[in-house]
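Visitor: model this:
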Amino acid sequence: MHGEPSGLIKFQAATEAGSRGDWRASADTFRASFEEAFAEKRFMVLYAFTAIFRNNWLQPSASDLAFMRRILQSELEPVLHRAYCANIIGLLIWRQGDLKAAAQRYRRGIALASSATEAYRQDPIIFKYRYSCTGEAIDELLDDMRINLDFIGKQLSMVDPLAVRARPKGSFAFMKMMIATRAADCENYRVSADLFRAAFEDASPAFPHRFHCLHCFTALFRDHHIPLPSAADLAFLRDLLNSDSEPLIHRVYCGFTLGHLMWRRGDNRAAAKSCRHAIALAESASAEDRLATTMVWDQDKPIGDLLCEALWSLRKILAVSERPRVPLARTDVNVPFGLSVDGDAAQQDRLREAIIDRALHVPGSACDMCGTSAGTDRLKYCARCKRVAYCSAACQRGAWAQHRPSCRPPRAFAAGDLVRIFGLTSPDHEVLVGTIVELRGPETGGLWRFVCIGSALGPGHGELIDGDSIVLVVPSHEREQLAQDVAV
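Guide: Model (predicted):
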């Protein structure tokens with residue numbers, strides 16, 4: 001009885017950490033809460049803990065895996081808890097590519113869940129944040145594990161040498177496409193991308209879903225499900241873009257995706273080159289090309305409509321990539337504060353001015369360690385983040401300890417970052433352009449939730465914005481030091 005209040009406090013703290021995007025703290029606190037929660041609430045805590053890994057928000061640590069294995073192997077734990085851990089461990093192993101081991105975990109989970117007695121199935125639990133019976137959770141879990149096991153079996157049959165020799169080339173394309181779709185549904189995006197690409201390469205030109213496979217493959221990168229493409233991904237896209245034998249719509253979408261990826265990486269020159277190539281291809285389409293249709297998500301779509309959608313995005317990326325860097329004026333930047341910002345009015349004014357100074361800073365204008373002006377000597381940018389530049393290797397080494405926590409690839413964000421909104425053109429949102437806001441946490445589809453700096457709004461509140469419409473001003477790791485610098 002004494003553990004429940006403490007367990008509830010920890011559960012709330014874990015939920016709040018997750019809303020900030022601090023998934024490591026959230027997972028650790030959920031795990032601690034599980035040990036102290038009442039029986040009917042323990043599965044709710046376990047469900048929330050495993051959702052962090054199921055949704056790919058965090059890679060599990062050795063202690064996370066040991067915790068789930070301990071539950072799986074403990075005969076003192078309820079059947080649902082053990083089966084659920086078998087399901088999550090199977091999913092994690094599947095993502096790593098060990099199909100046989102994943103299948104083994106799923107079979108064990110199915111056997112455990114199937115062994116539940118009728119009396120146990122009637123026990124009350126909190127499932128998906130509402131009161132339910134254990135049987136409902138078990139039935140949903142069984143359906144999920146059986147579907148995944150079936151897809152793994154089909155995936156294994158595709159790598160069986162005897163099965164491969166017995167079937168003609170191209171006959172696996174549809175199966176690979178279906179498994180890729182299921183892998184994406186399970187948030188297993190790397191496996192999904194590899195299978196969509198394999199399905200496309202295995203398919204004959206007459207395969208009706210060939211463009212659909214390419215469309216889904218490229219969308220995984222454009223929608224930020226896979227932050228960094230592999231060398232094989234980029235080579236595949238470039239080969240298709242430059243292939244005269246490929247349909248025009250295929251080449252345009254490859255150019256569109258390459259332009260988007262290069263822009264996100266900070267390589268504006270390469271982004272503009274890919275965009276111009278794809279735009280030229282799209283604009284060369286004949287009336288006959290535009291009237292033709294292709295299959296996307298089981299629907300025939302006019303290629304003209306797909307080209308128009310791609311052209312709109314391509315021209316937007318090209319305009320941003322080719323835009324000359326015009327220094328911002330102080331009047332172009334707005335820094336609204338919420339109620340939770342520390343300090344009196346004078347200190348808040350100094351903090352606001354310091355944030356504006358960071359927004360106006362032009363990387364490469366001076367060494368970020370010693371302040372030496374660039375002059376005629378070209379400073380060298382940090383190869384990873386391209387946000388800082390140094391006049392010498394000695395300055396770079398000297399700055400590394402302080403710079404390291406906030407060094408990340410361009411267009412990579414974290415909860416707590418202060419970012420500037422740009423590029424919004426709709427009448428309802430263009431008023432936000434130039435505003436510096438605080439990121440609260442990532443959402444699906446490359447979106448981020450934001451609030452004004454120091455907002456008192458609770459978890460889950462705030463507006464949503466596309467990650468392509470914000471630029472980093474102050475990384476979360478540097479905010480505390482910035483506040484200390486302006487304190488008196």
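
Visitor: Disregarding residues adjacent in the polypeptide, which is nearest to residue 189?
Guide: Leaving aside its sequence neighbours, residue 189 sits nearest to residue 225 (C-beta to C-beta, 6 or more residues apart in numbering; 4.3 Å). Just so you know, the C-beta spots here come from the backbone N, C-alpha and C atoms, and that holds for glycine as well.

Visitor: swap in residue 131?
Guide: The nearest residue in space to residue 131 (C-beta to C-beta, 6+ apart) is residue 124, at 6.1 Å.

Visitor: Next, give phi and psi for the one you found.
Guide: Main-chain torsions, residue 124, degrees, to the nearest 10: phi -80, psi 140.

Visitor: So it versus residue 387, what's the distance?
Guide: According to C-beta to C-beta, to the nearest Å, residue 124 and residue 387 sit 53 Å apart.

Visitor: Look at those two and report which has more neighbours.
Guide: Remark: of residue 124 and residue 387, residue 387 carries more neighbours, 19 against 11, as counted by other C-beta atoms under 10 Å.

Visitor: The more buried one touches residue 361, doesn't it?
Guide: No - under the contact definition of C-beta atoms under 8 Å, residue 387 does not touch residue 361, with a separation of 9.3 Å.

Visitor: which neighbours do those two share?
Guide: Counting by C-beta atoms under 8 Å, 6 or more residues apart in numbering, no residue touches both residue 387 and residue 361.

Visitor: Hmm, residue 52 is touching residue 17, no?
Guide: No - Residue 52 is beyond contact range of residue 17, at 10.2 Å (criterion: C-beta under 8 Å).

Visitor: which residues do those two both contact?
Guide: Overlap of the contact sets of residue 52 and residue 17 (by C-beta under 8 Å, 6+ apart) consists of 23, 26.

Visitor: Tell me which stretches of the stretch 101-250 of the chain form helices.
Guide: 118-121, 134-159, 161-166, 173-185, 189-202, 210-222, 231-241, 248-264 (DSSP state H, counting those that start in this stretch).

Visitor: quick one: pLDDT of the residue nearest to residue 189?
Guide: Note for residue 225: predicted pLDDT of 80.

Visitor: and if you look at residue 468?
Guide: Confidence for residue 468, expressed as pLDDT, is 75.

Visitor: Burial check on it, number of neighbours?
Guide: 19.

Visitor: Ok, the one 10 residues further on next?
Guide: As a burial measure, residue 478 scores 19 neighbours (other C-beta under 10 Å).

Visitor: In three-state terms, label it for me.
Guide: Three-state call for residue 478 (DSSP: H, G, I helix; E, B strand; the rest coil): helix.

Visitor: Give me the below-cutoff pLDDT ranges for the stretch 301-450 of the chain.
Guide: Residues of the stretch 301-450 of the chain that meet the criterion pLDDT under 70 lie in 323-328, 374-377, 423-430, 445.

Visitor: Could you rerun that using 50?
Guide: 376 (pLDDT under 50).

Visitor: Also the stretch 51-200 of the chain?
Guide: Filtered on pLDDT under 50, the stretch 51-200 of the chain yields the residue ranges 161-170.

Visitor: nearest to residue 274, of the helices of the stretch 101-250 of the chain?
Guide: helix 248-264 (4.0 Å; C-beta to C-beta).
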